[in-house]
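Asks: for reference, the sequence and a predicted model appear below.
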Number of protein chains: 2
Amino acid sequence: MEERFMMQKQAYSIGIVGATGLVGQALRKLLRERSFPIKKLKLFASKRSAGQTLNGVLVERVKPHSFAELDGVFFCAGSEVSRELAPQALAQGCWVIDNSSAFRMNPDVPLVVPEVNPEALEGGARLIANPNCSTIIALMALAPLHKVFRLRECVASTYQAVSGSGVAATEALARELGAIAMGEETGALHYRHPIAMNVIPEVDAFLEDGSTREEEKMTEESRKILNLPELRVATTCVRVPVARAHSIAITAGFERPVSREIAEAILEAAQGLVFCKEPEGYPTPLDASLKEDCYVGRLRKTDVFEHGLALWVVGDQIWKGAALNAIQIAELMVGYKKRDA
Amino acid sequence: MEERFMMQKQAYSIGIVGATGLVGQALRKLLRERSFPIKKLKLFASKRSAGQTLNGVLVERVKPHSFAELDGVFFCAGSEVSRELAPQALAQGCWVIDNSSAFRMNPDVPLVVPEVNPEALEGGARLIANPNCSTIIALMALAPLHKVFRLRECVASTYQAVSGSGVAATEALARELGAIAMGEETGALHYRHPIAMNVIPEVDAFLEDGSTREEEKMTEESRKILNLPELRVATTCVRVPVARAHSIAITAGFERPVSREIAEAILEAAQGLVFCKEPEGYPTPLDASLKEDCYVGRLRKTDVFEHGLALWVVGDQIWKGAALNAIQIAELMVGYKKRDA
């Protein structure tokens, strides 16, 4: 397929740092599908991946003045690269949307889910952080409920797809499963344990208090995005042998009395969210893969919190959990509205 | 292997109804391994499975006086069979340990996890119910903490293996995965959705309030076993593409102040439980398969409840979650103590 973009009255020169990774690939695909107004596209990658041509665009290494001719840059090559190169892109006049965790908790950097806190962009910041994938997916369901009922506390258990760990993890799952199908055994090819026919309660590094960085991210980023510094959150993040799309079982307590009927109406009306009303109509990761919307079902009242609700939310962590959310931030920043297909 | 049992001073004539299912098979294996004092073993199954010989024992259909010559009968053929035949076994003078949900919530029937509430057997009841598998595994970790800190509320999300749905589900997962490895697609062979490379938040039938019967069982049975009728529980039960062993992410609140150090000491001392102290030493279902003990790790403090702890518990749901627990109940009833190997 050719890399073609709508020429519009106003169009932008865009760079992608980390263009060959899973999020970089999704960024290119979704920028095209959403007809984001691009004048020129520059793709950057590491030494290992540079030199190839992707849909007619050469993948380059970043050079000292690579960003000077661009309007905006998406970073999706990890925290270290963002810490090193995002300041250069800003200094060369670009806006930056960073998919890494490098700047997320910096108080001067807006951390944005466009359906949840678009107002965070109003200060005119040029560096915007894209939240953690599980955080985005959880908040797509929690934030609309919070607006009405006021969120007070939340327990979340995740069922996270291996593609969240990158291409290598996805290939490792396929190879581990392939071996099992052949009656063989590979042992663990990517994680600490085999992921084929197993689940692993470890996502990202362990911290002093026994939680993982992923669990900490969900807590801290939710507090920042919802502007609820006192929000109490307990998460357990678990890798499951699913290729794509994260699922999250959420149990939340609110300040105000809740009813299932009103919660249903809120979730049905929420942007970017598909509410599955029938109990047996719940979403699974296979349903939510390669979808822009997040899906929520299994809505129940619970008395474990004073005003409690339980729900099950699923979203494509590479799309809404990363690339799509980043593009939606860019669309807000340049004032571009995607036309309905 | 031959079906041989230790002849002891006192030995018992035992029946297994549902002898050819996964739990029935595990019962036979574990009775043998634990040298349960058996004089005579009778195996019963449905019309479909009767007639075969298992390790030298003929599998029969139940006849009007089948139970008359027995001392005790294990039922693991589903609620309907238990409702029909358990009263006959009792009337013919047997004690009955029922693995189905038929009698669990009957106030006259003890619901027992031997490590948790052995005192429930003291009334001399002849019909004992074996709890739901997820309930047993969750309580193996929660009950010792409850004894010290007093459990007040609990949120649990399960990661349940397909063998919990029986042999057919296990074969369906293998066939779905095999097809994927061959680049083919089978669709859903057992559940409402494919389970290969997917997770399904539906275990057992849906109820009026949007929860499932499995979720209701975990709540009601925990209340009964712990003798905490007011216990607040919120569960989300999810099937994952794992062959064997259920995992449960638990977040619990207690009446008394908790500390990680004391919680660690309690879990280390608990019977039938292996505590994995190092954060990265957490258990996975592959580790816990075909093990008598349950495994607990990922212990953390949390402020989502006033005195809160989070943990991750894994156990073989066919062994401790069903067959082993039933045998341990029988051992208590006949006063038999397994000798250390």
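Replies: Good, I have the coordinates. Residues are numbered from 1 along each chain as shown, chains lettered A, B, ... in the order given.

Asks: excluding its backbone neighbours, what's nearest residue A:257?
Replies: residue A:307 (5.3 Å; C-beta to C-beta, 6 or more residues apart in numbering or on different chains). Just so you know, the C-beta spots here come from the backbone N, C-alpha and C atoms, and that holds for glycine as well.

Asks: correction: residue A:10
Replies: residue A:37 (6.2 Å).

Asks: which phi and psi values does that neighbour adopt?
Replies: The phi and psi torsions at residue A:37 (degrees, to the nearest 10) take the values phi -70, psi 90.

Asks: didn't the residue nearest to residue A:257 look like it was pressed against residue A:149?
Replies: Yes: counting by C-beta atoms under 8 Å, residue A:307 does reach residue A:149; the two are 6.6 Å apart.

Asks: neighbour count: the two, which is higher?
Replies: Using other C-beta atoms under 10 Å in any protein chain shown, the more surrounded residue of residue A:307 and residue A:149 is residue A:149, with 22 against 18.

Asks: distance of the more buried one relative to chain B?
Replies: Separation of residue A:149 from chain B (C-beta to the nearest C-beta, to the nearest Å): 16 Å.

Asks: kindly tell me how buried the residue nearest to that residue when sequence neighbours are not counted is, as a neighbour count.
Replies: Setting aside the residues directly before and after it, residue A:149 is nearest to residue A:254 in space (C-beta to C-beta, 6+ apart), at 3.6 Å. Residues within reach of residue A:254, counting by other C-beta under 10 Å, total 22.

Asks: and the longest helix anywhere in chain A, what's buried?
Replies: As assigned by DSSP state H, the longest helix anywhere in chain A is helix A:133-149. Residues A:133-146, A:149 are the ones in helix A:133-149 that count as buried (16 or more other C-beta atoms under 10 Å in any protein chain shown).

Asks: do stretch A:210-227 as well
Replies: Within stretch A:210-227, the residues scored as buried using 16+ other C-beta under 10 Å are A:210-212, A:214-226.

Asks: ditto for stretch A:277-297
Replies: With burial defined by 16+ other C-beta under 10 Å, the residues of stretch A:277-297 counted as buried are A:279, A:282-289, A:291, A:293-297.

Asks: and chain B, which of the residues you listed reach it?
Replies: A:279, A:282, A:284-287, A:297 (C-beta under 8 Å from any C-beta of the partner chain).

Asks: ok, back up a step: okay, and the common contacts of residue A:307 and residue A:149?
Replies: Common contacts of residue A:307 and residue A:149 (C-beta atoms under 8 Å, 6 or more residues apart in numbering or on different chains): A:254-258.

Asks: are any of those residues buried, and which?
Replies: Buried members of those, counted by 16+ other C-beta under 10 Å: A:254, A:258.

Asks: helices along the stretch 201-341 of chain A, start to end?
Replies: A:213-226, A:260-269, A:285-288, A:324-334 (DSSP state H, counting those that start in this stretch).

Asks: which one, of the ones you listed, ends up nearest to residue A:173?
Replies: Judged by C-beta to C-beta, the one of the helices of the stretch 201-341 of chain A that comes nearest to residue A:173 is helix A:285-288, at 13.0 Å.

Asks: show me what contacts residue A:120?
Replies: Counting by C-beta under 8 Å, 6+ apart, residue A:120 has contacts A:110-112, A:225.

Asks: among these, which are in helices?
Replies: residue A:225.

Asks: which of the contacts of residue A:120 tops the neighbour count?
Replies: That'd be residue A:112 among the contacts of residue A:120, by other C-beta under 10 Å, with 26 neighbours.

Asks: against chain B, how distant is that residue?
Replies: Taken as C-beta to the nearest C-beta, the span from residue A:112 to chain B is 25 Å.

Asks: surely that residue meets residue A:330?
Replies: No: with contact defined as C-beta under 8 Å, residue A:112 does not reach residue A:330; the gap is 10.5 Å.

Asks: list the buried ones in stretch A:94-114?
Replies: In stretch A:94-114, counting by 16+ other C-beta under 10 Å, buried: A:94-104, A:109-114.

Asks: sort out for me which of the residues you listed are in strands.
Replies: Mapping the buried residues of stretch A:94-114 onto strands (DSSP state E) picks out A:95-98.

Asks: could the ones next to chain B among the buried residues of stretch A:277-297 go into CSV alongside distance to residue B:12?
Replies: Converted to CSV, these look like this (distance: C-beta to C-beta, whole Å):
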residue, distance to residue B:12
A:279, 45
A:282, 46
A:284, 46
A:285, 48
A:286, 49
A:287, 51
A:297, 49
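
Asks: how about those in TSV, adding pLDDT?
Replies: As requested, these are exported to TSV (pLDDT from 0 to 100):
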residue	pLDDT
A:279	96
A:282	98
A:284	98
A:285	98
A:286	97
A:287	97
A:297	98
